[in-house]
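>>> Build me a model:
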Amino acid sequence: MTKVLSVCVLALMAAAPAFSQKKGCEELAAEIAMRLDAKGVKGYKLDIVAAGEVGDQQVVGSCDAGSKKITYKRDVAAKK
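Numbering: from 1, shown residues only. All right, here's what the predicted structure looks like:
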């Protein structure tokens, strides 16, 4: 029984890195866009920018271990 438990623990430890992989910026931006579209949000733009270049933009996501941010901007022209 102890051997079986040990094998299971080792197998889980070996598989752990696969579960903790970070999402790419493009993949995360696509998921955010899908959620916004599902809520009926129209006329917006998502940009991937360096973390230091965010300024006063609204951040809706973070990727590349925090080195990049996904920002949301409402397109005023599309609202009319």
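>>> for stretch 23-38, what is the average pLDDT?
Average pLDDT, stretch 23-38: 92.
>>> got the buried residues for that stretch?
25, 28-29, 32-33 (16 or more other C-beta atoms under 10 Å). C-betas here are computed from N, CA, C, even on glycine.
>>> just the strands in the chain please.
For the chain, applying DSSP state E gives strands covering 44-50, 58-63, 68-74.
>>> circling back: pick the one among the buried residues of stretch 23-38 closest to residue 51.
Closest to residue 51 out of these is residue 25 (11.6 Å), distances taken as C-beta to C-beta.
>>> Let me know whether the closest one touches residue 62 as I believe.
No - between residue 25 and residue 62 there is no contact under C-beta atoms under 8 Å: 9.2 Å.
>>> which residues touch residue 60?
32, 46, 70-72 (C-beta atoms under 8 Å, 6 or more residues apart in numbering).
>>> State the pair within the residues you listed that is farthest apart.
32 and 71 (10.4 Å).
>>> any common contacting residues for these two?
If you check residue 32 and residue 71 against C-beta under 8 Å, 6+ apart, the residues they both contact are 46, 60.
>>> Looking at the buried residues of stretch 23-38, which are in helices?
25, 28-29, 32-33 (DSSP state H).
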